[in-house]
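Undergrad: what would the 3D arrangement of this be:
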Amino acid sequence: MYIKSDDVFIYPTDTVWGIGCSLYSEKGHARISEIKKTSINKPLSVMFTSVEDIFNNFNFPSEITLAWLIEFFKLETTLGYPAKTSKLKFPKWATGDSDYISIRFLETVIVKNIYNDIHVPFFSTSLNITGSNPIISTEEALSFQKKYASDALFFGENQINDLSGTSSTIVFLNENLDFEIKREGRRVEDVKKLLINLFNH
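TA: Below you'll find the predicted structure:
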């Protein structure tokens, strides 16, 4: 299934089912907001398939090493980091009303295949109407597509329902290493320990 530049796609993450589009598709970005019935200015996470790409494309302080990032992203997390530190050119609609980019990383076969089609990071957010419960089963995801997003491509029809069912822990971190946990996921205690260790080096 080939993804065209403005296509919206539905796929499983490690936590819940997601919906996304190319980072550079303003049309796709607007369509996701329409499907989810949310503000177009609400920032969406940006999915990467390589921690090395994240490390190389943002200017992190010396305390944030590649090894630290690898451990961080193992914990079902999203990292909010100042957009001004990025070496990538983010389009004006990518951050909405925020000065931060919300960074996600997954290395699943499906996510890699999506990336190999579009060759750029992509927007990613939960597959649901804003305010309703996240979707964790393939059956629910297919039903959602049929009802609300029939124009979206669907990846993962044979997905075994082994998603955690809990949205990722969101941590906003700045260049001074001040952090705020915006949303707690199921591994938040491990995330807190990792953040505390950041200050002990």
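Undergrad: what about the protein, any weak spots by pLDDT?
TA: Low-confidence regions of the chain, defined by pLDDT under 70, span residues 1, 161-162, 200-201.
Undergrad: look up phi and psi at Phe9.
TA: Main-chain dihedrals, Phe9, degrees, to the nearest 10: phi -140, psi 150.
Undergrad: show me the contacts for it.
TA: Applying Cβ atoms under 8 Å, 6 or more residues apart in numbering to Phe9 gives the contacts Ile3, Ile19, Gly20, Cys21, Ile114, Ala152, Leu153, Phe154, Phe155. Where C-beta positions appear, they are placed from N, C-alpha and C, glycine not excepted.
Undergrad: ok, how many other residues are close to the fifth one?
TA: Other residues near Ile114 number 24, with proximity taken as other Cβ atoms under 10 Å.
Undergrad: element containing it?
TA: Using DSSP states H and E, the secondary-structure element containing Ile114 is helix 109-118.
Undergrad: got the angle between the helix or strand just after that helix and helix 109-118?
TA: Heading C-terminal from helix 109-118, the first helix or strand you meet, by DSSP H and E, is strand 122-126. Going by axes from the mean of the first three to the mean of the last three Cα atoms, to 10 degrees, strand 122-126 is angled at 140 degrees with respect to helix 109-118.
Undergrad: got the CA positions of strand 122-126 in PDB?
TA: Taking Å, rounded to 0.1, in the frame of the first residue of the first chain, the C-alpha atoms of strand 122-126 are listed here in PDB:
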ATOM      1  CA  PHE A 122       5.200  12.000  10.500                       C
ATOM      2  CA  PHE A 123       2.500  13.400  12.700                       C
ATOM      3  CA  SER A 124       1.000  10.900  15.200                       C
ATOM      4  CA  THR A 125      -1.900  11.200  17.600                       C
ATOM      5  CA  SER A 126      -4.400   8.800  19.200                       C
END
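Undergrad: of the contacts of Phe9, grab the buried ones for PyMOL.
TA: Typed into PyMOL, the next command selects the buried ones out of the contacts of Phe9 (criterion: 16 or more other Cβ atoms under 10 Å):
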select buried, resi 3+19+20+21+114+152+153+154+155
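Undergrad: closest one to Pro91 out of the contacts of Phe9, please.
TA: Nearest to Pro91 among those: Cys21, at 11.8 Å, using Cβ to Cβ.
Undergrad: can I assume that closest one sits in a strand?
TA: Yes - secondary structure assignment (DSSP: H, G, I helix; E, B strand; the rest coil) places Cys21 inside a strand.
Undergrad: now for it: which residues touch it?
TA: Residues near Cys21 by Cβ under 8 Å, 6+ apart: Asp6, Asp7, Val8, Phe9, Gly28, His29, Arg31, Ile32, Phe122, Phe123.
Undergrad: returning to that earlier point: what's the helix holding Ile114 packed up against?
TA: strand 8-12 (3 or more Cβ pairs under 8 Å, 6 or more residues apart in numbering; DSSP states H and E).
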